[in-house]
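Visitor: let me see the structure of the following:
(chains A and B)
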Amino acid sequence: MIAKIICYALNGLEGVPVEVETDVNRGIPAYEMVGLPDTAVKESKERVRSALKNSGLLFPMNKITINFAPADLKKEGASFDLAVAVSLLKASEQLVGAVTDGTVFLGELALNGDLRPIAGLLPILISAKGHGFTRFIVPKANAREASYLGGAEIYPAASLGEVVAHLLGSAPIPPLQTQTFVPHAAKRGGGADLKYVKGQPVARRALEIAVAGGHNLLLVGPPGTGKTMLARCLPTVMPDLTFEEALEITKIHSVAGTLGEEGIVTERPFRTPHHTATVVAMCGGGNRIVRPGEISLAHGGVLFLDELPEYQRSALEAMRQPLEDGKITVSRASGTITFPARFMLCASMNPCPCGNYGSADRVCTCTPAEIRRYRRKVSGPLLDRIDLQVEVDSIAYDELSSREKREGSAEVKERVDLARRIQRSRFEGSGVGVNAEMGERELEAFCPLGDESDKILRAAFEKMQLSARARSRIIKVARTIADLAASEEILPAHVFEAVSYRIYDKLG
Amino acid sequence: MAYTRAEKAIIWLCSLPDIDERTRAALLRAAGDPARLIDDFEKISAAVIQGAQKRVYKDDRLSRERAAEEALAALTRAGCFAVTAVSEDYPEALRHVYRPPLVLYGTGDRSLLKTRKFCIVGARALPAWAEKKGKEIAEELTQAFTIVTGFAEGGDRAAALGALPSGKLICVLPNGLDGCYPASHAQLKREVCKKGLLLSEYLLGTGVQKYAFHARNRLLAGLSEGVLVLAAGQKSGTLITADCALEYGREVFAFPHNVGAAQGEGCNELIKKGAFVCTGAEDIFAAFGIEAAKKQKTQLSAGEQSVLAVLRQAGELHAAVVAERAGMPVYEAQAHLSSLELKGLAVKAGGNRYAPL
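Guide: This is a model prediction of the structure:
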């Protein structure tokens, strides 16, 4: 008898349906697998054999042929185990009367018959639901992740025995309750908060503008002045995740296998790759399964590069195109995969090799040539893409910090949310989300400059020898500053402030 | 342009690789008329150089003529010209310096040699305000002077950038005209060639030698009627230029610096010794009795005025402190400061601190 069972393979962030066909014939006992299985899939034979035996089921001693269709797609990993076992049971007539049509089986088997969790479950479920499947049997350990998918019957099973009992109707598994999504559910209030940042009025303001308009941010300052601390506050002032965003981010993290206990990403990611990271680590790749890189893992959140000039040049340059497009396409022999990569870049660096350049109380011992060499490690085109470049103060202004009221992240977030609302209503239906994503067309439509503002920009242009790209970046930042002030028009003061955040064009 | 026979003889003499500067001068003195160098080199050299006969000089006038033509052709091919000690536009002021160069190689606008010249120099590392102010003064001085400066980073670069737009700029290099030191000034070099004038006393192809900076500084002082020192440390090479200027009887000006600031100790020392204190181009114009065009007043908003007043009172301040004293939020002060910066009334000193100009 031939049995057909549906399971899913993962291709990037997309699930691809795979049919497991099993034929049990009389003949000399043999076990043959066809349809491009890789080693892990072939080894499932031993896992399935032990799991069946230890669940009190029979491993048929016949000539067994298992085919994975479509036959031209490479099958990788252990997530087919459950489907292989169930199809084997069905083909050897141990599941008489069970309905398996239209059910997707997912899970890895342990030798004792337990079901182990698999990576990338959520993207598979979302794809499968799109393909019209609504019944799923998944490992219990993946239940939390799966429970966010509404409109489907999902049965979490702890072992192969439970699956068989469920299918035969002797002990049905209750379907999962769909969970509603609560952003920041767990960690609200913990960790970083702007109220712990002392002083730094200028950098704080830049941070607020950066988040409000989705701009990239560069923090320049001597070592030990709190650049990392400031950067860690970025996710705390960013708008809450919507469910759609959370699902998309969770998909990526699920594929990478970095999903935590919670089963869904509720906070905006904050990724801090070490400066030894390679191009593949940054952008994604791998020789068998193509995995998302740091820029995709930071999707919807912040990618923080501490000590920017120390990063490999190639790794930084590879980020330029994703910074513009919001996605990265990785091509490998096994196929071409596109991962989303819409992240906010926050980088930090010292002003010079010794770190004291521009400091009020310490002397910089670097020569101009050394400083230039250090800065040249970060290419102009990359700097051009960083809208806000701001210096972090090296000294604590005691007399100031004692009197000044220190705002917490929550207050800043309120203003950011307001500015984002203004942007949303402005860009409605144009595919643009925030000011930083504006193209030339939007710039013309939404950022008309008054005569005076135009004159200022022209003067700044001449004095600072700005590139054309830098000019539109300044206008975008000015637009965000105007939004924060709830001003319809871009006023000269907004342009001046925007110009003051481009220190690197001046330092040349 | 055509060179006379005497000029050609000097250019040829200076293209000989194995004769040092002192011997060249002695040869020229012995020859009287430079053209005789080509005609009777054997006789003259025998009188001047010990053991000259033992050296192999081609004792043939025609080959010397040819060599002179070749040396000239090489210069012209490189887009350069030569000003010799007998040329009519050789700067008179230069004749009084120590070992006046027999030949100055140049590329760019030759007519600048005949203008009035003023030298601005500064150390490579200098405070932001000195750099910005130096650039501004260079720009204003071009009303009456051609600015002479070196080609280093920092002060020299500031002076060059200030004078470049008007084209009244002479840069003196410590190496052959085909080289560029520092390499990062390649773009600046191209622009100076196009608008101003590059000078060097070294033959094409000569690399940078340590002593050449010292020698170059004597030319900076020698060419100019006065020298302004933007910033100089205790042992800065810039002070060599100032010393040369004093020796040659030129006026020396210096920016006053904060007491204790290492980057300005040399300047303060110069002032103690009697150099003019300079805080603006008008000081220099006054010293030379020149009537300068009045600067037009820039229009300032009320906010900018209050911010500028706070800055003027305190010297250098952090943006946040400016904001507090002027009684406005930081981001507003930031906008005013950056506007003042564009108008040339303030400068960013690093670390979010600003200084008035």
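Visitor: most proximal residue of chain A with respect to chain B?
Guide: A:Gly358 (2.0 Å; Cβ to the nearest Cβ). C-beta here means a position set from N, CA and C on the backbone, and glycine is covered the same way.
Visitor: you'd agree that residue is up against B:Ala355?
Guide: No. The pair A:Gly358 / B:Ala355 is not scored as a contact, 11.7 Å apart, by Cβ atoms under 8 Å.
Visitor: all strands for chain B, in order.
Guide: For chain B, the strands defined by DSSP state E cover B:81-84, B:103-108, B:117-121, B:146-149, B:169-172, B:197-200, B:226-229, B:251-254, B:276-277, B:317-318, B:346-350, B:353-356.
Visitor: and B:Ala186, how many residues sit next to it?
Guide: Neighbouring residues of B:Ala186 were enumerated by other Cβ atoms under 10 Å in any protein chain shown; the total is 9.
Visitor: which residues do A:Gly358 and B:Ala355 both contact?
Guide: B:Ala349 (Cβ atoms under 8 Å, 6 or more residues apart in numbering or on different chains).
Visitor: what's the angle between the helix ranked longest in chain B and strand B:103-108?
Guide: For chain B, the helix with the greatest residue count under DSSP state H is helix B:61-77. Between helix B:61-77 and strand B:103-108, the angle comes out at 30 degrees (axes from the mean of the first three to the mean of the last three Cα atoms, to 10 degrees).
Visitor: elements contacting helix B:61-77?
Guide: Judged by 3 or more Cβ pairs under 8 Å, 6 or more residues apart in numbering or on different chains; DSSP states H and E, helix B:61-77 is in contact with helix B:5-15, helix B:35-39, strand B:81-84.
Visitor: can you classify A:Ala9 as helix, strand or coil?
Guide: strand (DSSP: H, G, I helix; E, B strand; the rest coil).
Visitor: for it, give the beta-bridge partners.
Guide: A:Val16 (DSSP bridges).
Visitor: I'd like to know how far it sits from A:Gly35.
Guide: Distance of A:Ala9 to A:Gly35, given as Cβ to Cβ, to the nearest Å: 11 Å.
Visitor: shared neighbours, these two?
Guide: Residues touching both A:Ala9 and A:Gly35 (Cβ under 8 Å, 6+ apart) are A:Lys75.
Visitor: up against chain A, what does chain B have?
Guide: When proximity is defined by Cβ under 8 Å from any Cβ of the partner chain, chain B lies next to chain A at B:124-125, B:153-154, B:182, B:184, B:262, B:316, B:318-321, B:323-324, B:330-332, B:334-339, B:341-342, B:348-353.
Visitor: which of these count as buried?
Guide: B:124-125, B:153-154, B:182, B:316, B:318-321, B:323-324, B:330-332, B:334-339, B:341-342, B:348-353 (16 or more other Cβ atoms under 10 Å in any protein chain shown).
Visitor: residues in contact with whichever residue of the stretch 101-250 of chain B sits closest to chain A?
Guide: Closest residue of the stretch 101-250 of chain B to chain A, Cβ to the nearest Cβ: B:Glu153 (4.4 Å). By Cβ under 8 Å, 6+ apart, B:Glu153 lies in contact with A:Pro368, A:Ala369, B:Arg124, B:Pro182, B:Ser184, B:His185.
Visitor: which secondary structure element is home to A:His275?
Guide: Using DSSP states H and E, A:His275 maps to neither a helix nor a strand.
Visitor: let me know how buried the nearest residue to it once chain neighbours are set aside is, in neighbour terms.
Guide: Closest residue to A:His275 apart from its sequence neighbours, by Cβ to Cβ, 6 or more residues apart in numbering or on different chains: A:Glu310 at 4.1 Å. The local packing of A:Glu310 (other Cβ under 10 Å) involves 13 other residues.
Visitor: A:Ile503 versus A:Glu310, what's the distance?
Guide: Distance, A:Glu310 to A:Ile503, by Cβ to Cβ: 20 Å.
Visitor: please apply the same query to A:Met229.
Guide: 20 Å.
Visitor: what about those two, which has more around it?
Guide: The residue with more neighbours, out of A:Met229 and A:Ile503, is A:Ile503; 19 against 15, by other Cβ under 10 Å.
Visitor: host element of the closest residue to the more buried one other than its chain neighbours?
Guide: By the measure of Cβ to Cβ, 6+ apart, the closest residue to A:Ile503 outside its immediate chain neighbours is A:Gln389, 5.0 Å from it. Taking DSSP H and E as the definition, one finds A:Gln389 inside strand A:388-391.
Visitor: contacts for that strand next, please.
Guide: For strand A:388-391, contacts defined as Cβ under 8 Å, 6+ apart pick out A:202-203, A:206, A:209-210, A:215-221, A:351, A:358, A:383, A:477, A:501-504, B:350-352.
Visitor: got the CA positions of that strand in CSV?
Guide: Provided in CSV are the C-alpha atoms of strand A:388-391 (Å, rounded to 0.1, in the frame of the first residue of the first chain):
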residue,chain,number,x,y,z
LEU,A,388,22.9,62.0,11.9
GLN,A,389,26.5,62.3,13.1
VAL,A,390,26.8,63.5,16.6
GLU,A,391,29.6,64.0,19.2
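Visitor: quick check: the residue of the stretch 251-357 of chain B nearest chain A.
Guide: For the stretch 251-357 of chain B, Cβ to the nearest Cβ, closest residue to chain A: B:Gly350, 2.0 Å.
Visitor: domain ranges for chain B?
Guide: Domain segmentation of chain B under automatic domain parsing yields B:5-77, B:110-287, B:302-356.
Visitor: okay, how far is it across the longest one, tip to tip?
Guide: Right, the one you point to is domain B:110-287. 27 Å (Cα to Cα, to the nearest Å).
Visitor: low-confidence stretches in the stretch 1-150 of chain B?
Guide: Along the stretch 1-150 of chain B, the model assigns pLDDT under 70 to residues B:1, B:52-59.
Visitor: helices of the stretch 151-300 of chain A, start to end?
Guide: A:160-168, A:201-213, A:227-232, A:234-237, A:243-256, A:279-283, A:294-297 (DSSP state H, counting those that start in this stretch).
Visitor: nearest residue to residue 68 in space, please, no chain neighbours.
Guide: You didn't pick a chain, so chain A it is. Leaving out its chain neighbours, the residue that sits closest to A:Phe68 by Cβ to Cβ, 6+ apart is A:Gly35, at 3.2 Å.
Visitor: wait, chain B
Guide: Nearest residue to B:Ala68, sequence neighbours excluded (Cβ to Cβ, 6+ apart): B:Trp12, at 3.6 Å.
Visitor: burial measure for that neighbour, as a count.
Guide: The burial count assigned to B:Trp12 is 22, neighbours taken as other Cβ under 10 Å.
Visitor: let me see the contact set for it.
Guide: Neighbours of B:Trp12 in contact, by Cβ under 8 Å, 6+ apart: B:Leu37, B:Ile38, B:Arg64, B:Ala67, B:Ala68, B:Ala71.
Visitor: out of these, which is most surrounded?
Guide: Neighbour count (other Cβ under 10 Å) singles out B:Leu37 as the most crowded of the contacts of B:Trp12, with 25 neighbours.
Visitor: what sits against the residue lying closest to that residue once chain neighbours are set aside?
Guide: With sequence-adjacent residues excluded and distances taken as Cβ to Cβ, 6+ apart, B:Leu37 is closest to B:Ala9, at 4.5 Å. Shown in contact with B:Ala9 (Cβ under 8 Å, 6+ apart): B:Pro34, B:Ala35, B:Arg36, B:Leu37, B:Ile38, B:Ala68.
Visitor: now A:Gly263. Nearest residue, chain neighbours left out?
Guide: A:Arg144 (2.9 Å).
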